[in-house]
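> Have a look at this fold, sequence not included:
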């Protein structure tokens, strides 16, 4: 079940508009109209994105038929954080290797620089 | 540019086979044949997944035309970790609220239990 929910969480996050909607909801609940405002998008298009976020349990909607405010539900993001955490040592190693490589290049360039000055 | 790379990273991670491939590569580089082995999948299907992972820069492939081993590249996952970190306080709050709610329910049940015993 966690596999399935990770599938839908990652799929929901693959769209920049949906990530922007989550970022806006981080500052408090919003109506669909308020959410649509900063995007050059039709209301049905925004509603579609909201449905994807709702199915992924990343937002919940109020029950008031008139207003139905959207609210951030960050709990599925905890699974994302836990999943990605397993790979931390790998990106740390990659950046360390890059760092060693760049320092090697700098050293070589300094040595060449000194040689050039001597000549 | 980071937005675009987050799009392709999240899209690549939305598939359980692709996440399983990354998990296998965490223990070292593998050929396509070795990666295909645990999945009930054709080689072309596995190759398709590898292409998605490669385009998302989550794996790199060796240059040996015969073998072309796949290697994990976890660096894009650092961006995912940083992105998700912004929401940490929200899921912590959610779970705390759930915890308070569950404790309230337990208290109520205990009180009811005591009342029932008294009658």
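Good, I have the coordinates. Fair warning: this is a prediction, and the values are worked out from it, not measured in the lab.

> Packing partners of the biggest helix by length in chain A?
Ranked by residue count under DSSP state H, the longest helix found in chain A is helix A:88-118. Here helix A:88-118 touches helix B:75-85, going by 3 or more CB pairs under 8 Å, 6 or more residues apart in numbering or on different chains; DSSP states H and E. Any C-beta I mention is one placed from the backbone N, CA and C, and that applies to glycine too.

> in stretch A:22-36, what's buried?
A:22, A:24, A:25, A:29, A:30, A:31, A:32, A:35, A:36 (16 or more other CB atoms under 10 Å in any protein chain shown).

> Within reach of chain B, which of the residues you listed are there?
Subset of the buried residues of stretch A:22-36 in contact with chain B: residue A:22, counting by CB under 8 Å from any CB of the partner chain.

> if we can go back for a sec, give the buried residues for the longest helix of chain A.
Applying 16+ other CB under 10 Å to helix A:88-118 flags A:90, A:91, A:94 as buried.

> Let me know the closest of the residues you listed to residue B:16.
Nearest to residue B:16, judged by CB to CB, of those is residue A:90 at 19.6 Å.

> Test my guess that the closest one contacts residue B:26.
Yes: the pair formed by residue A:90 and residue B:26 meets the contact definition of CB atoms under 8 Å, at 6.8 Å.

> Please enumerate the shared neighbours of these two.
Shared contacts of residue A:90 and residue B:26 (CB atoms under 8 Å, 6 or more residues apart in numbering or on different chains): residue B:72.

> so where's chain A uncertain?
For chain A, the stretches with pLDDT under 70 are A:1, A:65, A:115-119.

> ok, now with 90
Residue ranges of chain A with pLDDT under 90: A:1-4, A:33, A:37-42, A:62-68, A:92-119.

> Residue A:76 is in contact with residue A:10, isn't it?
No: the criterion here is CB under 8 Å, and residue A:76 misses it with residue A:10 at 9.7 Å.

> More neighbours: which of those two?
residue A:10 (25 against 21; other CB atoms under 10 Å in any protein chain shown).

> what's in contact with the host helix or strand of that one?
Using DSSP states H and E, residue A:10 maps to helix A:2-13. Residues outside helix A:2-13 that contact it (CB under 8 Å, 6+ apart) are A:18-19, A:52-53, A:55-58, A:76-77, A:79-80, A:83, B:6, B:10-11, B:13-16, B:19.

> how far away is residue A:85 from chain B?
7 Å (CB to the nearest CB, to the nearest Å).

> Provide the count of other residues in contact range of that residue.
Residues within reach of residue A:85, counting by other CB under 10 Å, total 12.

> out of everything not next to it in sequence, what's closest to it?
The spatially closest residue to residue A:85, leaving aside those adjacent along the chain, is residue B:81, at 7.2 Å (CB to CB, 6 or more residues apart in numbering or on different chains).
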